[in-house]
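Participant: Build me a structure from this.
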Amino acid sequence: MQYVIKGGIPLVGDVVIGGAKNAALGILAAAIMADEDVTVENLPDVRDINVLLEAIEEIGASVYRLDEHTVRINGSGIHTIRVNGDFIKRIRASYYLLGALLGKYRKAEVSLPGGCNIGSRPIDQHLKGFRSLGARTEIEHGMVVAEAAFLHGGHIYLDVVSVGATINIMLAAALAEGSTILENAAKEPHVVDVANMLNSMGANIKGAGTDVIRIKGVPKLHGTVYSIIPDQIEAGTFMFAAAVTKGDVTVKNVIPRHLEAISAKLMEMGCEVVEFDDAVRVVCKSRLRYTNVKTLPYPGFPTDMQPQISVALSLAEGTSMVTESIFENRFKYVDELARMGAQIKVEGNVAVINGVGRLMGADVSAPDLRAGAALVLAGLAADGHTVVDETKYILRGYERFDEKLRSLGACIFQAEDEKDIQRLKLEAV
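Facilitator: Presented below is the predicted three-dimensional model:
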């Protein structure tokens, strides 16, 4: 499936942001740790979430969709600690089932994770944490195996700040005996959300959102009803959509504090950003200005927003530098942007961007989730028609992306084949 886009239309209006995909993945893993009903609300209806729910159901947990954004899970029927299958290999966050199953059953076997190919994302810090809790870990035939006769608290220092390792260790340590101290922990909002979810199930976790998390193990977790925080990356993507199209967009159902690094850069680039209690409005009236940005762990500028800001800087006046300090393969979309007229030179982990007056529509292909969304933004800003291929990546993390953009006035439609593309181009003259 492809997106066919006719660019040059300023986006105007309100858009409602869904639940945070990255928080939801950890929260769904936590849900199977109780033998009672756990109801999760504000769940994004995206491919990664649906794949994880399929995996949870496959191992015996009951999964009942109350509606599009609410699911009830009960882990009492789990009959295997082995999570395998082609579908689960497609998502990175399958590894959260390691921490959840290890904590609950003292043993877990999960396929090595997949996801977007944006660079090396080793799980050595996850395994180091499990070993500190008393587990034996190894990789056998493409499966990660973790097993412990007895899980106990430990003192763990992460060598690098890792969101995945922080969440995974919290999951396992929540049901370990004794106290765990996790230092150099990730501080992202979705780490805090998973900790809050676990605490609502009876866990004892303090310090989430700081670099030291303290966990006192409890004998068991109970049922709860929990609502997921809004998705800061979806929100940020729509904020930059306003900027690149010289629009006026209010993103609703957000936590403005989580968006401060994004808002700050937009203001540096000349946008007007107005914060409300649970909304942020972005207005762009003139050509964007250059700036420099470096991706960093929260509260720094998010790596998941790096392709989107690079599109905006491609249109900005002057020369900008974008430094990627998290993932080494995150500039794979640059060749696609060059087809649209962008002037970007990548040297190692730095992209030097010379802003151009305009981008031109072209046929491009999404190399991964966030780069795919960024190419859509480029298409919305470009003159003429843009066709974005490999939209399957975008569907992994954005719910009804094209529909939400159309509600803001964008001319974007889904096409199934070449004939469809030609028809849509003619209709969108």
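Participant: helix or strand for residue 287, which one?
Facilitator: Following DSSP states H and E, one finds residue 287 outside all helices and strands.
Participant: show me the contacts for it.
Facilitator: 270, 315-317 (CB atoms under 8 Å, 6 or more residues apart in numbering). Glycine gets a C-beta too; all of them are placed from N, C-alpha and C.
Participant: try 6 Å this time
Facilitator: Applying CB atoms under 6 Å, 6 or more residues apart in numbering, we find residue 287 in contact with residue 317.
Participant: Now it: phi and psi?
Facilitator: phi -60, psi 140 (degrees, to the nearest 10).
Participant: Check it and give its pLDDT.
Facilitator: Residue 287 carries a pLDDT value of 97.
Participant: Now do the helices in the stretch 201-350 of the chain.
Facilitator: Assigned helices in the stretch 201-350 of the chain, in chain order: 232-244, 260-268, 306-314, 334-339 (criterion: DSSP state H, counting those that start in this stretch).
Participant: Least confident secondary structure element in this protein?
Facilitator: Scoring the helices and strands of the chain by mean pLDDT, DSSP states H and E places helix 86-89 at the bottom, with a mean of 71.
Participant: now the helix or strand following that helix, how far from the centre of its chain.
Facilitator: The first helix or strand that comes after helix 86-89 along the chain, using DSSP H and E, is helix 96-105. The chain centre lies 21 Å from the centre of helix 96-105; the measure is CA atoms, centre = their mean, to the nearest Å.
Participant: mean confidence for helix 96-105?
Facilitator: Computed over helix 96-105, the average pLDDT equals 97.
Participant: what sits up against that helix?
Facilitator: 26, 29, 32-33, 81, 83, 108, 110, 146, 168, 171-172, 174-175.
Participant: tell me the pLDDT at residue 80?
Facilitator: The predicted structure scores residue 80 at 96 on the pLDDT scale.
Participant: One more: residue 118?
Facilitator: Reported pLDDT for residue 118: 47.
Participant: Kindly report the same for residue 91.
Facilitator: In this model, residue 91 carries a pLDDT of 78.
Participant: what's the spacing between it and residue 83?
Facilitator: Per CB to CB, to the nearest Å, residue 91 is found 11 Å from residue 83.
Participant: so where's the stretch 51-200 of the chain shaky on pLDDT?
Facilitator: 87, 114-121 (pLDDT under 70).
Participant: What ranges does it have for its helices?
Facilitator: 86-89, 96-105, 124-132, 163-173, 189-200.
Participant: among the helices of the stretch 201-350 of the chain, which is nearest residue 65?
Facilitator: Of all those, helix 232-244 sits nearest to residue 65, with 20.8 Å by CB to CB.
Participant: and that closest one, how far from the chain's centre?
Facilitator: 14 Å.
Participant: Quick one: work out the angle between that helix and helix 189-200.
Facilitator: 150 degrees (axes from the mean of the first three to the mean of the last three CA atoms, to 10 degrees).
Participant: Excluding covalently adjacent residues, which one is nearest to residue 32?
Facilitator: Among residues not flanking residue 32 along the chain, residue 75 sits closest, at 3.8 Å (CB to CB, 6 or more residues apart in numbering).
Participant: same check, this time on residue 391
Facilitator: Distances taken as CB to CB, 6+ apart place residue 1 nearest to residue 391, at 5.1 Å, with adjacent residues excluded.
Participant: The one you found and residue 303, how far apart?
Facilitator: Taken as CB to CB, the span from residue 1 to residue 303 is 26 Å.
Participant: So those two - more neighbours on which side?
Facilitator: More crowded of residue 1 and residue 303, by other CB atoms under 10 Å: residue 303, with 19 against 14.
Participant: In this structure that one contacts residue 326, no?
Facilitator: Yes: contact status for residue 303 versus residue 326: in contact at 3.9 Å, counting by CB atoms under 6 Å.
Participant: Overlap in contacts, these two.
Facilitator: Shared contacts of residue 303 and residue 326, defined by CB under 6 Å, 6+ apart, are found at residue 295.
Participant: Make JSON lines out of the helices of the stretch 201-350 of the chain and add distance to residue 427 and mean neighbour count.
Facilitator: Listed next are the helices of the stretch 201-350 of the chain as JSON lines, based on distance: least, CB to CB, whole Å; neighbours: other CB atoms under 10 Å:
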{"stretch": "helix 232-244", "distance to residue 427": "22", "mean neighbour count": "28"}
{"stretch": "helix 260-268", "distance to residue 427": "33", "mean neighbour count": "18"}
{"stretch": "helix 306-314", "distance to residue 427": "25", "mean neighbour count": "28"}
{"stretch": "helix 334-339", "distance to residue 427": "24", "mean neighbour count": "19"}
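Participant: Let me have the ones you listed in CSV, extended by distance to residue 182 and mean pLDDT.
Facilitator: Shown next, in CSV, are the helices of the stretch 201-350 of the chain (distance: least, CB to CB, whole Å; pLDDT from 0 to 100):
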stretch, distance to residue 182, mean pLDDT
helix 232-244, 22, 98
helix 260-268, 24, 98
helix 306-314, 27, 98
helix 334-339, 36, 97
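Participant: Please list the outside residues in contact with stretch 182-191.
Facilitator: 20, 22-23, 156-158, 161, 163, 166, 169, 208-209, 211-213, 229, 258, 298.
Participant: Quick one: buried ones out of the residues you listed?
Facilitator: 20, 22-23, 156, 158, 161, 163, 166, 169, 208-209, 213, 229, 258, 298 (16 or more other CB atoms under 10 Å).
Participant: coming back round to it: among the helices of the stretch 201-350 of the chain, which comes closest to residue 134?
Facilitator: Each of the helices of the stretch 201-350 of the chain has some distance to residue 134 by CB to CB; the shortest is helix 232-244, at 34.8 Å.
Participant: quick one: that closest one to helix 260-268, angle?
Facilitator: Using the same axes, to 10 degrees: helix 232-244 against helix 260-268 is 10 degrees.
Participant: Just the angle for helix 232-244 relative to helix 306-314, thanks.
Facilitator: Orientation note: helix 232-244 sits at an angle of 10 degrees relative to helix 306-314 (the same axes, to 10 degrees).
Participant: Tabulate the helices of the stretch 201-350 of the chain in TSV, adding columns for distance to residue 198.
Facilitator: Output for the helices of the stretch 201-350 of the chain, formatted as TSV (distance: least, CB to CB, whole Å):
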stretch	distance to residue 198
helix 232-244	20
helix 260-268	26
helix 306-314	30
helix 334-339	39
